[in-house]
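*Asks:* After the sequence you'll find the predicted model.
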Amino acid sequence: MGCTNSNMPVVLSPSPPPPPPPSVAPHLVHVHVKEEPDDYSSGSDCIYIGTDQANETVKLENELEEYRGLAPQNTINVVENREKYAHFFDNWSPIPENLDEEGNDSGPSRPLSHQLTMNEIDTRAREAPSTCASSFENLKNYLLNGVAGHENEGKLTVRAIVIWLGEQNPDDFADRTPSRDTPEGFLSLLSKKQSLFVTFFTVLCREFGLKCVKVPGVSKAGDYQPGDGINDGSSDKDHRDTWATVFIDKRWEIVHSYWVCKSLVGFKAGGWIKLEDHGKSVLKKVKESVGVLRKAFKEYYIFPDPQEFVHRCHPDEDKWQLSKKPIDRKSFFQMPYLFPTFFGLGLKMVSNKSCLLKSTDGEVIIEIQAPIKNANTIDLWYELYLKDGKEEIGENIKGFLEAENIPKLVAMLRCGDVWRFKISLPIKGTFKLCCYGGPHKSTLSRIAEFRIDNHAPKKHFHILPFNPGRVGFGPGPAATEANLFTPSHSDGLVSIQPKTKLEITFTTIKRVFENKSIVALLHNNDQDSKDLERHVRVEMIRKTSMVVIQTEVPREGEYALTIYSCQKQESINVCNYLLSTVVSKPERANQKIARRRLHDALSQIEVGPIFDNTVEDFNKALEYCFKQKINKNDSDIVSTMAKVELLTLKNDARNAGLREHFNVTEKTLNKIQSSIYSPILTKEINTLKNQLQYLKKDEEEL
């Protein structure tokens, strides 16, 4: 086998695993664990948020009497109106004339009455001279010069306050007289840990004419770990925190000023053994570190959506949840431990919405869904930890914790816009799964953490036959980059019967055929990959632009089908499937009939005059599947819908060609070019481009 007529090139993904651990008598041994070095700069999880540890000596009413009539409601859903609303604090602003993208003046000087940009306000707040802190009036006049009358006056006022506050080093004012009567006096209080950050923020807001409330409650921050607060004997005092709400534009907005301005760098929770990191076993004890408090500017915590913020903070008074359906304290601690990036990527939980999960027969499944429009541009990943205990582990179990096996305890499966983390645990204990996410090929950020209590080891446990790394199991961005589209099997987990042929297909482009650049291999823990080569075959069908991968497994068990794209004598792993003879679930007769109807309806769709009618029949077949309780994230559903999406683009191109209308042609062309299917629609794109030039020439002549 090979990409060309030469031998198989070096494979960049991990090589097939060695034989499984030997089955021996379970005499007891200690697993040797290295201690993880204290390194603040390593890893994507080195920045945390903490809680203000100061003692409050300033007496300040949390809520003034004059605020009582202002109903604490938030009628705007930032999640649903993110493009319109939440971008206000994403460093975005309309750039006025004579101002470049950096906010610098590129033209003649202008009067102060011009519409200020956020960049200008930010710069001014960061460069404020220390003399401004001599009085609240001086500071207000400096920070808010030109803000009065702005359509976003209230929001810009909050921004100016927070940025100025975040730039200050309280220790620079330690020699000033501690007092709540001046900004420099308050900074002196902060330097001596005699007042909370949020108290100073509240006073600044009120001095600047804003209605501001201090909101006491609890939060998931600092040394919080998923599952804390749930039947563990801890009390609210272990998680106390305080933030603020500000009344702006006739509604209350949340601001956690301490989290906006401060971060814990290098914080590490001790008591865990890191089993896996970046697809490799590490087996290191995590050395506890309190971290270093440093300046930061995290815009997310200025006006966060209350529906998101409640995952991190819970007020003592329900009204400050700013929700029509407030939750109680117990529910708060049970909620998933989610981070801002989770919401920023538009993700949502599909499986059990809890941070504390209990295994079933040694197995746990966590499901996370991405928005369908950008699911194929997102990568997820994970780290697995084991709670450090003194218990001894049997020799047969120790084998599962060897370096080459640990990354194979978690199968990261995807099907369309849904990821499933299938975790199989061979030993009793408490585990922690840290999930990461971000755009494809970018640095990933923490999105969620889960605690898993495993009281019963998985029976008949087998490690995964292959470590797929960040590619995971199931078609994703890597397959698309390799020009493999519309997979026949969208789910990374495929049920298969021994000695029964399985056919997996993709639509591809001309270059893939010419280079014969797709290679597939089969892996199994008990069989050599060389022996399995005859059980997998790749065929290129030029007429239908299809790549067909045929395979069969010789006997029962779990197998990994790995697919590679060969480029410049290198082989890059672009897609993987986990094939199992033990995951098959019996289906009712009506469900089998529904699947047949769906595929029959798909086969009848043709680009042309009858397209709309055949798509309508397909949609009816789709609805019938849903009525038969076939999940919308089922592999058949996802795959057939992807193929209909491609056919729809082809039909749109045909219709635009027939209409010969400039705007219709331009809109259709842009739609196709921005689609992930554009590489296999080059014929349609070129036709529309030529038509657009022709129509443009006609318009110019007219």
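*Replies:* Thanks, I have the structure now.

*Asks:* what bits of the stretch 51-200 of the chain have low per-residue confidence?
*Replies:* 73-115 (pLDDT under 70).

*Asks:* Identify the single longest helix in this protein, thanks.
*Replies:* Secondary structure of the chain per DSSP state H: the longest helix is helix 635-659.

*Asks:* Run through who's touching the helix or strand following that helix.
*Replies:* Per DSSP states H and E, helix 635-659 leads on to helix 662-673 as the next helix or strand towards the C-terminus. For helix 662-673, contacts defined as Cβ atoms under 8 Å, 6 or more residues apart in numbering pick out 649, 652-653, 655-657, 659, 678, 681, 684-685, 688-689, 691-692, 695-696, 699. The C-beta positions use only the backbone N, C-alpha and C, and glycine is treated the same way.

*Asks:* Distance from helix 662-673 to the middle of the chain?
*Replies:* 31 Å (Cα atoms, centre = their mean, to the nearest Å).

*Asks:* Just the buried positions in it, please.
*Replies:* Within helix 662-673, the residues scored as buried using 16 or more other Cβ atoms under 10 Å are 664-666, 668-669, 672.

*Asks:* which is the next helix or strand following it?
*Replies:* helix 682-701.

*Asks:* where in the stretch 551-700 of the chain is pLDDT low?
*Replies:* 584.

*Asks:* For the nearest residue to Ala54 once chain neighbours are set aside, the count of nearby residues, please.
*Replies:* Nearest residue to Ala54, sequence neighbours excluded (Cβ to Cβ, 6 or more residues apart in numbering): Lys193, at 4.1 Å. Lys193 has 14 neighbouring residues, counting by other Cβ atoms under 10 Å.

*Asks:* got it, and Tyr67?
*Replies:* If you count neighbours by other Cβ under 10 Å, Tyr67 ends up with 16.

*Asks:* And Arg240, by the same measure?
*Replies:* Arg240 has 14 nearby residues by other Cβ under 10 Å.

*Asks:* Surely it is in contact with Gly222?
*Replies:* No. Arg240 is beyond contact range of Gly222, at 10.3 Å (criterion: Cβ atoms under 8 Å).

*Asks:* Name the residues contacting each of those two.
*Replies:* Shared contacts of Arg240 and Gly222, counting by Cβ under 8 Å, 6+ apart, come down to Thr51.

*Asks:* that older thread, now distance to Asn633 too, for the buried residues of helix 662-673, in a markdown table please.
*Replies:* Listed next are the buried residues of helix 662-673 as a markdown table, based on distance: Cβ to Cβ, whole Å:
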| residue | distance to Asn633 |
| --- | --- |
| Val664 | 34 |
| Thr665 | 36 |
| Glu666 | 35 |
| Thr668 | 30 |
| Leu669 | 32 |
| Ile672 | 26 |
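
*Asks:* Could you let me know which of those residues ends up closest to Gly469?
*Replies:* Of all the buried residues of helix 662-673, Gly469 sits closest to Ile672, with 32.4 Å by Cβ to Cβ.

*Asks:* Tally up the residues packed near Phe626, please.
*Replies:* Every residue meeting other Cβ under 10 Å relative to Phe626 is counted, giving 13.

*Asks:* Quickly find the element holding the closest residue to it other than its chain neighbours.
*Replies:* Spatial nearest neighbour of Phe626, excluding adjacent residues (Cβ to Cβ, 6+ apart): Lys632 at 6.7 Å. Using DSSP H and E, Lys632 is not contained in any helix or strand.

*Asks:* re the thing from before, mind checking the SS state of the residue nearest to Ala54?
*Replies:* coil (DSSP: H, G, I helix; E, B strand; the rest coil).

*Asks:* next one: the one 5 residues further on
*Replies:* The three-state assignment at Val198 reads helix, by three-state DSSP.

*Asks:* centroid residue for this structure?
*Replies:* Gly437 (3.8 Å; Cα atoms, centre = their mean).

*Asks:* Am I right that that residue is in a strand?
*Replies:* Yes. The assignment for Gly437 by three-state DSSP puts it in a strand.

*Asks:* Tell me which residues touch it, please.
*Replies:* 341-342, 345, 347, 378-381, 444-445, 447.

*Asks:* switch the cut-off to 6 Å
*Replies:* 345, 380, 444, 447 (Cβ atoms under 6 Å, 6 or more residues apart in numbering).

*Asks:* swap in Pro315?
*Replies:* Taking Cβ under 6 Å, 6+ apart, one finds 215, 217 in contact with Pro315.

*Asks:* Same check on Ile423?
*Replies:* By Cβ under 6 Å, 6+ apart, the contact list for Ile423 reads 364, 410.

*Asks:* separation between it and Ile230?
*Replies:* Ile423 is 19 Å from Ile230, where distance means Cβ to Cβ, to the nearest Å.

*Asks:* Sort out which of the contacts of Gly437 are buried, if you could.
*Replies:* 345, 380, 444, 447.

*Asks:* Going by distance to Ser639, which of the residues you listed wins?
*Replies:* Leu380 (20.6 Å).

*Asks:* so that closest one touches Arg420, yeah?
*Replies:* No. Using Cβ atoms under 6 Å as the test, Leu380 is too far from Arg420 to be in contact (10.3 Å).

*Asks:* follow-up on the earlier one: please enumerate residues in contact with the longest helix of the chain?
*Replies:* Helix 635-659 is contacted from outside by 415-416, 486, 488-491, 595, 598, 602, 605, 607, 611, 664-665, 668, 672, 675, 677, 684, using Cβ under 6 Å, 6+ apart.

*Asks:* For PyMOL, write a command that selects the buried ones of the residues you listed.
*Replies:* Applied in PyMOL, the following selects the buried portion of the contacts of helix 635-659 according to 16+ other Cβ under 10 Å:
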select buried, resi 415+416+486+488+489+490+491+595+598+602+605+607+611+664+665+668+672+677+684
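
*Asks:* how about Val418, what does it touch?
*Replies:* Contacts of Val418 by Cβ under 6 Å, 6+ apart are 367, 369, 633.

*Asks:* how about a cut-off of 7 Å?
*Replies:* For Val418, the contact set (Cβ atoms under 7 Å, 6 or more residues apart in numbering) comprises 350, 367, 369, 633.

*Asks:* so it bridges to which residues?
*Replies:* Gln369, Cys415 (DSSP bridges).

*Asks:* distance between the longest helix of the chain and the chain's centre?
*Replies:* With Cα atoms, centre = their mean as the basis, the mean position of helix 635-659 lies at 28 Å from the chain mean.

*Asks:* cool, and stretch 474-489?
*Replies:* For stretch 474-489, the distance to the chain centre is 20 Å (Cα atoms, centre = their mean).

*Asks:* and if you look at stretch 215-229?
*Replies:* Worked out by Cα atoms, centre = their mean, stretch 215-229 lies 21 Å from the chain centre.

*Asks:* contact partners of that stretch?
*Replies:* By Cβ under 7 Å, 6+ apart, the list of residues contacting stretch 215-229 reads 49-51, 62, 234, 236, 239-245, 269, 312-316, 320, 333, 337, 355-356, 432, 449-451.

*Asks:* okay, that stretch in PDB with CA atoms only?
*Replies:* C-alpha atoms of stretch 215-229 as PDB (Å, rounded to 0.1, in the frame of the first residue of the first chain):
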ATOM      1  CA  VAL A 215     -24.300  41.700  44.900                       C
ATOM      2  CA  PRO A 216     -23.000  39.200  47.400                       C
ATOM      3  CA  GLY A 217     -23.200  35.500  46.600                       C
ATOM      4  CA  VAL A 218     -21.000  32.500  45.800                       C
ATOM      5  CA  SER A 219     -18.900  31.700  42.800                       C
ATOM      6  CA  LYS A 220     -17.000  28.900  41.100                       C
ATOM      7  CA  ALA A 221     -13.500  30.400  41.100                       C
ATOM      8  CA  GLY A 222     -10.100  30.100  42.800                       C
ATOM      9  CA  ASP A 223      -9.600  26.600  44.200                       C
ATOM     10  CA  TYR A 224     -13.100  25.500  43.200                       C
ATOM     11  CA  GLN A 225     -13.200  22.100  41.600                       C
ATOM     12  CA  PRO A 226     -16.100  20.500  39.700                       C
ATOM     13  CA  GLY A 227     -18.400  18.800  42.100                       C
ATOM     14  CA  ASP A 228     -17.500  21.100  45.100                       C
ATOM     15  CA  GLY A 229     -20.600  22.200  47.100                       C
END
